[in-house]
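Peer 1: Please find the sequence and the predicted model below.
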Amino acid sequence: MPLQQAVIDRSSPYPVEIAGLLGRLDSTTLTDASERAEQLGVGADEVLIAARLASPDDLARAAARQLGIAFVPLDGPVAVAVAAGMNPAHSDLKALLETGMMRCTDGRMVVAARGKRLRALAEHLARWPQMAPRIGLTTPERLAAHMRQRFSTAFARHAAFNLCRTMPGLSAAGLGMSRYVLAAMALLLVIMPFAMHVVPSVGMVGVALLLAAILLGWSVLRIAACTIPPERAPPPVREDAALPVYSLLVPLYREARVVPQLIAALSALDYPREKLQILLVVEPDDLETAAALRHHIQHPCFEIVVAYPLGPRTKPKALNAALAFARGEFVGVYDAEDVPDPLQLRRACAMFSRSTSIACVQARLVIDNLADSWITRQFAAEYAGHFDVVLPMLSAFRLPIPLGGTSNHFRRKVLDEIGGWDPYNVTEDADLGIRLARHGWRTAVIASTTDEEAPRTFRAWMCQRTRWYKGWLQTVLVHGRHPRQLVRQIGWLGTATFTVMLGGSLAAALMHPFFFATLLMGWSMDYEASVLLSSAVMKGVGVLVLGVGYVGTILSTTLGMRRRGMPGLWRVLPVIPVYWLMLSFAAWRAVGQLLTDPHRWEKTEHGLARTSRRRLRLVRAKGAPSRLTDSAANRRPRRPAAA
């Protein structure tokens, strides 16, 4: 076929990206694909890939023949020559992935194009057909795989060191001696209440009042949150054409046990597969999880990304490694055990459309296996108070929100702007929520839930909670380095919220058993010592802090459980004092780890729940028809009887 005729042939009823498949697929299938592509605003080849009627390679080869150019697989000796001599700076690599164009050493331009980009390439060749010998076509998947292999070192360095290199003041990599200062302050919290009774002074009373204000602020914040009515879930975006391309990042490590559930949960999401990219990130030595993923993945929207073995082995570093290859306008994060609301992505899009100042949308997390043990029940009640009572109030008043570790949805451009995740912070979610606020962005909470699995044994719970507290300590150190700058960026109210949310919860956990012990000691002292002003003030403040703390916890827990429809309130409340002692032990364990092993990531095992109802829900969802692909309004291309 002559080149110019192939490029500008207007007689074909099909767009150029699928016209070359005529004869391999029947005309009805191609027509259906064209119609659905027009409805969604995507390429017809993307529809065929999503329907699993054609592979990316088959489509690219057919399009290359149609355009009269070469198909370049980017393997073998050709791949070695591609982009040789190019400066492997991450900004250059990112631009290359976004444009989908790279130059070979032989002068040929290789283009990774699909859909509308492929049509633009066809128009370019129609105007300048002499360019055809110097242009090759490949697939976006082959380009990304080649980039990961060819420039692995550059991507690895960016994932591990970008934030601490470009914004060292906002990274936990260089905490240095401040860790020891924080440990000394923690010890002072323990010593001070006892010293108040032994060597009372006006100065100590002042310090005690300041600390009491932080602790009371933490409790009063939760009490105030109980007065805010629950928000209504935003109506999900129903028009498929209005939905953007969405990328989901799912980091996994030793998660082979939950891979079937994960794939089923993500497959149940109500979102056009043509606009969905799911990047599953595994560690290079986790062969079992990688094998399980390859066995269970059946849809081309799933891709496996291997994290780079450089820097700390943490979840945020794995997220950074995948972010470079995310094609979506919005990026969501899920954990391996998550079962999100099928409409969650559509609800997140609806929230993003309300304001351009919203950079992050946090869905609510709910513990599904609450009946496994008394620990999971307490965990579930704690989550209900936090995600259904406290966080919605912070969102309503546009205050900084320490994010949950999953079901976060971001504008991709904002993630790039603020440096992505901090690989050295083991509670990267809380840190990122504060960093978003410091850059002037808002976080909104939506009434869409994600089911999670809570650890059911003491050891598993302790390891997870220690990591959380250690990350919160890192976050307090990082963002408390320059208090004046923090106040300028998020205001006095935002700074106070940050202080009482993270600082107050940490101080409460660290001090609780010792605070309670000093109150008992004060009551047991003789009359003359107890009438001293400082001792009397200390006891009064102590009773007030302890009483308001319990009231705030009971109110937020009760309201959260009622909003969530959780049973067993009277089995939860009596055990709160014991649970608080566990929190204190985890907090002190976190202080010790912060000094000895600050970036250690203690893994939480998943797939051990005994009372989860999620599996039944997923089975029902899997058997239900999909509105997106099987409805009359959005017909999926039919597989031909003989291709």
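Peer 2: Everything's here; your move.
Peer 1: Where does pLDDT dip in the stretch 401-550 of the chain?
Peer 2: Counting by pLDDT under 70, the stretch 401-550 of the chain contains low-confidence ranges at 519-538.
Peer 1: Swap in 90 and give it another go.
Peer 2: Residue ranges of the stretch 401-550 of the chain with pLDDT under 90: 405, 481, 503-504, 507-547, 549.
Peer 1: Please name the nearest non-neighbouring residue to Ile401.
Peer 2: Thr443 (4.4 Å; CB to CB, 6 or more residues apart in numbering). (Each C-beta comes from the backbone N, C-alpha and C, glycine too.)
Peer 1: Ser556: what's it in contact with?
Peer 2: For Ser556, the contact set (CB atoms under 8 Å, 6 or more residues apart in numbering) comprises Arg222, Ile223, Ala225, Cys226, Gly385, His386, Val389, Val390.
Peer 1: Tell me the most packed of those, by neighbour count.
Peer 2: Taking other CB atoms under 10 Å to define a neighbour, the member of the contacts of Ser556 with the most is Arg222, carrying 27 neighbours.
Peer 1: My guess is Ala144 contacts Leu97. True?
Peer 2: Yes: counting by CB atoms under 8 Å, Leu97 is a contact partner of Ala144 at 6.8 Å.
Peer 1: Mutual contacts of the two, please.
Peer 2: Counting by CB under 8 Å, 6+ apart, the residues touching both Ala144 and Leu97 are Phe325.
Peer 1: And Phe397, its phi and psi?
Peer 2: Phe397 has phi and psi values of phi -100, psi 10 when expressed as degrees, to the nearest 10.
Peer 1: Could you give the number of residues near the residue nearest to Gly480 when sequence neighbours are not counted?
Peer 2: Leaving aside its chain neighbours, Gly480 sits nearest to Leu486 (7.2 Å; criterion: CB to CB, 6+ apart). For Leu486, the neighbour count with other CB under 10 Å is 20.
Peer 1: these two touch, right, Leu486 and Val476?
Peer 2: No: counting by CB under 8 Å, Leu486 does not reach Val476; the two are 11.0 Å apart.
Peer 1: Show me the contact partners of stretch 562-571.
Peer 2: 230, 366, 370, 374, 377, 380-381, 384, 388-389, 557-558, 560-561.
Peer 1: ends of it, how far apart?
Peer 2: Across its full length, stretch 562-571 reaches 14 Å between end residues, using CA to CA, to the nearest Å.
Peer 1: buried stuff in that stretch?
Peer 2: By 16 or more other CB atoms under 10 Å, the buried positions in stretch 562-571 come out as Arg563, Arg564, Met566.
Peer 1: cool, stretch 472-488 as well?
Peer 2: If you call a residue buried by 16+ other CB under 10 Å, then stretch 472-488 has these buried ones: Trp472, Leu473, Gln474, Thr475, Val476, Leu477, Val478, His479, Gly480, Leu486.
Peer 1: possible to save those as CSV with secondary structure and distance to Ala159?
Peer 2: Putting the buried residues of stretch 472-488 into CSV (DSSP: H, G, I helix; E, B strand; the rest coil; distance: CB to CB, whole Å) gives the following:
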residue, secondary structure, distance to Ala159
Trp472, helix, 23
Leu473, helix, 24
Gln474, helix, 19
Thr475, helix, 20
Val476, helix, 25
Leu477, helix, 23
Val478, helix, 19
His479, helix, 22
Gly480, coil, 26
Leu486, helix, 27
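Peer 1: Would you mind giving the residues you listed as JSON lines with distance to Val543 added?
Peer 2: Formatted as JSON lines, the entries for the buried residues of stretch 472-488 read as follows, by distance: CB to CB, whole Å:
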{"residue": "Trp472", "distance to Val543": "27"}
{"residue": "Leu473", "distance to Val543": "28"}
{"residue": "Gln474", "distance to Val543": "33"}
{"residue": "Thr475", "distance to Val543": "31"}
{"residue": "Val476", "distance to Val543": "27"}
{"residue": "Leu477", "distance to Val543": "31"}
{"residue": "Val478", "distance to Val543": "34"}
{"residue": "His479", "distance to Val543": "32"}
{"residue": "Gly480", "distance to Val543": "29"}
{"residue": "Leu486", "distance to Val543": "32"}
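Peer 1: element containing the residue lying closest to Arg232 once chain neighbours are set aside, please.
Peer 2: The spatial neighbour of Arg232 that comes closest, neighbours along the chain excluded (CB to CB, 6+ apart), is Ala447 at 6.6 Å. Assignment of secondary structure by DSSP states H and E places Ala447 within strand 442-452.
Peer 1: One more: Arg600?
Peer 2: With elements taken from DSSP H and E, nothing contains Arg600; it lies in neither a helix nor a strand.
Peer 1: quick one: it and Thr466, what's the gap?
Peer 2: According to CB to CB, to the nearest Å, Arg600 and Thr466 sit 9 Å apart.
Peer 1: can you redo the contacts of Ser556 as TSV with secondary structure and distance to Thr495?
Peer 2: Putting those into TSV (three-state DSSP; distance: CB to CB, whole Å) gives the following:
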residue	secondary structure	distance to Thr495
Arg222	helix	18
Ile223	helix	20
Ala225	helix	18
Cys226	coil	23
Gly385	helix	23
His386	helix	21
Val389	helix	22
Val390	helix	18
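Peer 1: Distance to Phe151 added to those, as TSV?
Peer 2: Formatted as TSV, the entries for the contacts of Ser556 read as follows, by distance: CB to CB, whole Å:
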residue	distance to Phe151
Arg222	48
Ile223	53
Ala225	47
Cys226	52
Gly385	46
His386	41
Val389	46
Val390	43
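Peer 1: Farthest pair within those residues?
Peer 2: Spanning the widest gap among these are Ile223 and His386, at 14.1 Å by CB to CB.
Peer 1: circling back to that earlier point, which of the contacts of stretch 562-571 sits closest to Arg36?
Peer 2: Lowest distance from Arg36 to these (CB to CB) belongs to Val366, with 34.8 Å.
Peer 1: wait, doesn't Asp429 sit right on Pro402?
Peer 2: Yes: under the criterion of CB under 8 Å, Asp429 makes contact with Pro402 at 7.1 Å.
Peer 1: and the two? which has more neighbours close in?
Peer 2: Pro402 (25 against 22).
Peer 1: Leaving aside the residues adjacent along the chain, what's closest to the more buried one?
Peer 2: Setting aside the residues directly before and after it, Pro402 is nearest to Ala430 in space (CB to CB, 6+ apart), at 3.7 Å.
Peer 1: who touches the strand or helix carrying the one you found?
Peer 2: Assessed by DSSP H and E, Ala430 sits inside helix 428-438. Among residues not part of helix 428-438, those counted as contacts by CB under 8 Å, 6+ apart are 170, 172, 314-316, 319, 359-360, 399-406, 408, 414, 418-419, 421-422, 425, 442-443, 471-472, 474-475, 478-479, 486, 489-490, 494, 498, 502.
Peer 1: swap in stretch 293-306?
Peer 2: 49-50, 52, 55-56, 141, 144, 148, 252, 259-260, 263, 266-267, 273, 276-284, 290, 321-322, 325.
Peer 1: quick one on the thing from earlier: from the contacts of Ser556, pick the one nearest Ala60.
Peer 2: Ranked by distance to Ala60 (CB to CB), those are led by His386 at 47.8 Å.
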